[in-house]
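> Provide a 3D model corresponding to the input given below.
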Amino acid sequence: MVEALTLHLSNIWRNFALPGLSSLAIPAVLFCIIVMMVVPLPAFLLDLFFTANIALSLIIVMICISAMKPLDFSSFPTVLLFATLLRLALNVASTRVVLVDGHTGPDAAGKVIESFGDFIIAGNYLIGIIVFSILMIINFVVVTKGAGRVSEVTARFTLDAMPGKQMAIDADLNAGILTKDEAKARRQEVAAESEFYGSMDGASKFVKGDVIAGMIILAINIIGGLIIGTAFHGMSFSNAAETYVLLTIGDGLVAQIPSLLLATATAIIVTRVSTDSKMHSQLKTEMGGFQPLAVTTGVMLVLGLIPGMPNMIFLVLAVLSGALAYISYKSSLKQPEAVGLYDDENETEEISELSWDDVPSLDVIGLEVGYALIPLIDKEQGGDLMQRIKGVRKKLSHELGFLIHTVHIKDNLNLSPNQYRININGVVRGQGELMPGRELAINPGVGHGSLEGVKTRDPAFGLEAVWIDASQKEYAQTLGYTIVDPSTTLATHLNKILQENAKELIGHDEAQQLLDQLSQTAPKLVDSLVPQKISLGVFTAVLQNLLEEGVPIRNMKGIVEVLAQYADKTQDTDALTSALRPRLGRMIVQSLSDVGEDMSVMTLEPELEQMLHNVLQQNGDIMDGIEPNLAEQLLSNLYRTSEELVDQGVQPVLIVSPSIRLWVAKFVRHRIPGLVVLGFNEIPDEQGIKVVRTIERKANEKLQS
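Prediction:
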């Protein structure tokens, strides 16, 4: 019946409400507040508004307690302003009634003020004033001042932490962990968080000013009431004091209780740490540990046994604390299970005959984790690692031009609890350790100051890092550190490993799938190449060469067209790869330089380049003829120059003649990570270049033929 009545009333309101009427609600409320300050209100309206004010304050406090993060109540600063204005308007209205009609009796300003006045005074006006003063001091000195200070500090730290948070979002976007829409939402959340705490810093001043105004209004009502009662209404001093002190204390108490509630709500919202649980769940998890409850039980038990103490009270509290400690201990014995990571087969007493099914197949991409990292994978325990890995695969598939294999995850009891391994075709290519429940603060080179935690290194790039508690996150961001969670750390490491080993992720089956996909739009082109001119094996090897040099294979049609043109001349995979690179020049260069900007490059000294060319011609593209000292010096100069450019924020690029490009690229590939070697013919005509370094050799260095 209640639901039917509610539905009926909502239908009536929907039919009655005019378009845009809800947008007039806030101006109407503001207008009513102003009217309350000017127009005298009858006593029954004061009772109604005072009661509604207390109810509103309670609603606000409950919303702040149930919020999981401050931004869940982003309108709180505005609500706080309107609630403060409403309370001040009620103070003005009640002051007018108290001073004008107070001589008529204690109920002149309504039953609410009279009841609160009788309750707090309890027959003694001096005690009433003292108790009310203590209440106002607590509100002003402790709650309001503390909340204002927290708001001020939080606003400053949040503003200082914005660049670090933006960098972390960009890093997640580049690693494929976030999509563009998710990154946009994160940036909006960071901006909203900064605006929220900035508004809270100002809104807390309203609460502080409201408390000060309440104290001033209290003094005005008492002094003014005594003067008006004795001078204008012929009341004795004692009668005037009895009447106006009761009304003033009642009025002040009715106003200060909502003020105290709002100040408490402000303190709750600005001290709330963003979590995935409500306050009661968080307190249960963090304060319900066995050890503190057990120690408390022991202390209370000892106090309860001391003669002369209130033994019964202490013993009852000891029993309650002990019961909670027992419940906490039982809960801690329950270990999380690794659900859904692997399927165990039922053990049989007899071992059957071995077959090929007993030989496990190698996973192209495998991830092994210790048992402590299982919560990062299990969705039921809040793990998001699977979603992040999917984002990495999607990003790399788009960048490289072929579908990245599924990552097979399994637990490995031979690993330490926090350790993980990344395998490519059964071979370990990367490993590291994570600390669930903590954040990894990475020093990108601009971080200053020290952090408390476990020192380590970023497993992906080897940068100095510290595992810190979540409570230090914002402080670390203000120091210039990049903060990532354990799942992001592992996903970033996986992204780097897959990029470096992209060659091993593509085989004959993947190459055939790329051809089948192209044949849907260009069937004759595909039929003219494989297997008419080159085999699938040669085609696969060419794709692997491109990926090994960091060249995407997204332009499959262009790749097949060039191979079809040069396949009649040679079947050598290196020669075919060198023929392909000029066609893919724009794709190669676009990742090295912004559109419309000159590309900063290094070049070899002309004499040195000619000598390398001569040696290659004489030795059939084999560099055994180069003097070892010269090769070492060349490598040293290239490494030193590349490091200098990286420190300046410039991508190191070396341009050489096409005849020696392949050898130079192989020579530096594993010795100078990040150095890109291009041939002159691979640079598009419209791309400008700027030579920033020239690699020279010493005069006493010779080449042997």
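
> does L678 belong to a helix or a strand, and which?
Counting by DSSP states H and E, the element that carries L678 is strand 676-679.

> Might you quantify the distance of that strand from its chain's geometric centre?
38 Å (C-alpha atoms, centre = their mean, to the nearest Å).

> elements contacting that strand?
In this structure, strand 676-679 packs against helix 573-583, strand 653-656, helix 658-668, with contacts taken as 3 or more C-beta pairs under 8 Å, 6 or more residues apart in numbering; DSSP states H and E. C-beta coordinates here come from the backbone N, C-alpha and C atoms, glycine included.

> Following the first one in sequence, what is the next regular element?
When you say that, I think you mean helix 573-583. In N-to-C order, the element after helix 573-583 by DSSP H and E is helix 585-590.

> Just the C-alpha atoms of that following helix, please, in CSV.
Coordinates of each C-alpha in helix 585-590 appear next as CSV, following Å, rounded to 0.1, in the frame of the first residue of the first chain:
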residue,chain,number,x,y,z
GLY,A,585,59.8,5.2,-44.2
ARG,A,586,56.9,7.4,-43.2
MET,A,587,55.7,4.9,-40.7
ILE,A,588,59.2,4.5,-39.2
VAL,A,589,59.8,8.3,-39.0
GLN,A,590,56.4,9.2,-37.5
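
> Within its sheet, name the partner strands of the helix or strand following that helix and how each one runs.
With elements assigned by DSSP H and E, the helix or strand that comes after helix 585-590 is strand 599-604. Looking at strand 599-604 with DSSP bridges, its partner strands are strand 653-656 (parallel), strand 689-695 (parallel).

> As a quick check, tell me the outermost residue of this protein.
Largest separation from the mean C-alpha position in the chain: G234, at 69.2 Å (C-alpha atoms, centre = their mean).

> who touches it in this structure?
If a contact means C-beta atoms under 8 Å, 6 or more residues apart in numbering, then G234 has no contacts.

> before we move on, which element is it in?
Using DSSP H and E, no helix or strand contains G234.

> can you check S133 too?
helix 125-137.

> Looking at the helix or strand where Y197 lies now, give me its mean pLDDT.
Element membership for Y197, per DSSP H and E: helix 180-231. Per-residue pLDDT values across helix 180-231 average out to 77.

> Chain neighbours aside, what residue packs nearest to T158?
Once flanking residues are discounted, T158 sits nearest to Y197: 4.6 Å by C-beta to C-beta, 6 or more residues apart in numbering.

> My error: substitute S199 in the last question.
P77 is the one closest to S199 (C-beta to C-beta, 6+ apart), at 3.8 Å.

> residues in contact with the one you found?
Here P77 is in contact with 196, 199-200, 202-203 (C-beta under 8 Å, 6+ apart).

> can we see that at 10 Å?
P77 makes contacts with 151, 195-204, 206, 266, 269, as judged by C-beta atoms under 10 Å, 6 or more residues apart in numbering.

> Ok, S259 next?
53, 57, 83-84, 87-88, 91, 135-136, 139-140, 143-144, 207, 210-211, 213-214, 252.

> Show the model's pLDDT score for it.
78.
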